[in-house]
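Participant: can't give you the sequence, but here's the structure:
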């Protein structure tokens, strides 16, 4: 169905040329930074913000009290009096909407760019600086058989990393008002893409929701600085009757456009002709890696099959990847030249029946033209 602005539901965004292979990536040289850290990012990194709700017309009160001093440092306590109606809160979101594919494409600028952005102050590396992976407790049943949480095919090759270079710092941790934790990726200066099921839709219906995104989260705060984070002001997803995998994506507008300084991924459609190519990378914050306190990297993944429909939903199936809780919403991406582009997000796992008497276990990444259309809509209307 064509829209009034020249984009249709099944529009293919980006390039149909295959992404770079691991060997081609290995031959690429890093791109070095050309400027210092921006002043506004340095200022953001140097402060943390608390949000206080108070009745209209009343000024919130706060007081600093020194409680200890020694070893060349002092310890302060921030006291916020418990005045009537005053409380410390998360910054609430404004709008969270589920819409239709047709409404999305009707408001897309067909000339919108699909490219990512590397800020001049950041190096670009084609693989992250990985860390040793700590040994994890071996889970077993009473009979001694090994228990593996969710789907990890073969050896779990995920590795933690610590890196502020582009694009590794464009991935962050997502918190929400329902207590869920997931992953997300910057795809524009003020836009994060994540899984639809990471959005606190139940709280949205109760008009009391929030989401918080911390780019390049590592052990408690962003590697860019403790104050580099943002709450989400608006969310857009698809109304699919609570279907999960094929349409399990949402875009989030940030109150603070941290992607302007941290950079952001590009985006691209997925071509089924790429099935079987081990060109994909998955990033996220699985609890299985350092308790979800460090980002993880897994490269060389292939998609062995994909299923889609005429409304733009697409499920990418992989059985040589590792996906566990906390990964939800993390990007699956590849490189087109020097441009890293997201093609989908981590959704979940499935057990697929295979005729006549077997099942096929898969990790599922949500992708498709609808996914790309949503990002294009965000860049057209929120950027």
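Facilitator: That came through fine. This structure is a prediction, so every number in the text was calculated from the model and none was measured.
Participant: tally of neighbours for the residue nearest to residue 255 when sequence neighbours are not counted?
Facilitator: Among residues not flanking residue 255 along the chain, residue 233 sits closest, at 4.8 Å (Cβ to Cβ, 6 or more residues apart in numbering). C-betas here are computed from N, CA, C, even on glycine. Look at residue 233: counted by other Cβ atoms under 10 Å, it has 20 neighbours.
Participant: same thing with the one 4 residues further on?
Facilitator: The local packing count at residue 237 equals 22, with neighbours defined by other Cβ under 10 Å.
Participant: For this protein, which helix or strand comes out least confident on mean pLDDT?
Facilitator: Within the chain, confidence by mean pLDDT, DSSP states H and E is lowest for strand 151-152 among all helices and strands, at a mean of 54.
Participant: ok, what's across the strand from the residue located most distally from the centre of the chain?
Facilitator: Ranked by distance from the centre of the chain (Cα atoms, centre = their mean), the top residue is residue 70, with 40.7 Å. Beta-bridge partners for residue 70, by DSSP bridges, are residue 73.
Participant: The residue nearest to residue 255 and residue 317, how far apart?
Facilitator: Per Cβ to Cβ, to the nearest Å, residue 233 is found 34 Å from residue 317.
Participant: what's the answer for residue 270, then?
Facilitator: Going from residue 270 to residue 317 by Cβ to Cβ gives 12 Å.
Participant: where are the low-confidence patches of the stretch 51-200 of the chain?
Facilitator: 84-85, 134-155 (pLDDT under 70).
Participant: again, only this time at 90
Facilitator: Low-confidence segments of the stretch 51-200 of the chain (pLDDT under 90): 51-89, 132-157.
Participant: Thought residue 277 was touching residue 301, still the case?
Facilitator: No - between residue 301 and residue 277 there is no contact under Cβ atoms under 8 Å: 9.6 Å.
Participant: If you count surrounding residues, which of these two has more?
Facilitator: Just comparing residue 301 and residue 277: by other Cβ under 10 Å the higher neighbour count belongs to residue 301, 22 against 15.
Participant: Quick check: bridge partners of that one?
Facilitator: Assigned bridge partners for residue 301, using DSSP bridges, are residue 280.
Participant: residues contacting it?
Facilitator: Residue 301 sits next to 278, 280-282, 318, 320-321, 332 when contact means Cβ atoms under 8 Å, 6 or more residues apart in numbering.
Participant: and those residues as JSON lines, adding secondary structure and distance to residue 168?
Facilitator: Below are the contacts of residue 301 laid out as JSON lines (DSSP: H, G, I helix; E, B strand; the rest coil; distance: Cβ to Cβ, whole Å):
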{"residue": "278", "secondary structure": "coil", "distance to residue 168": "20"}
{"residue": "280", "secondary structure": "strand", "distance to residue 168": "16"}
{"residue": "281", "secondary structure": "strand", "distance to residue 168": "10"}
{"residue": "282", "secondary structure": "strand", "distance to residue 168": "13"}
{"residue": "318", "secondary structure": "strand", "distance to residue 168": "21"}
{"residue": "320", "secondary structure": "coil", "distance to residue 168": "22"}
{"residue": "321", "secondary structure": "coil", "distance to residue 168": "18"}
{"residue": "332", "secondary structure": "strand", "distance to residue 168": "15"}
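Participant: In the stretch 201-350 of the chain, where is pLDDT below threshold?
Facilitator: Where the stretch 201-350 of the chain drops to pLDDT under 90, the residues are 205-208, 238-246, 288, 310-311, 319-325, 348-350.
Participant: quick revisit: tell me how far the residue farthest from the centre of the chain lies from residue 79.
Facilitator: Distance from residue 70 to residue 79, counting by Cβ to Cβ: 21 Å.
Participant: do the same with residue 288
Facilitator: According to Cβ to Cβ, residue 288 and residue 79 sit 39 Å apart.
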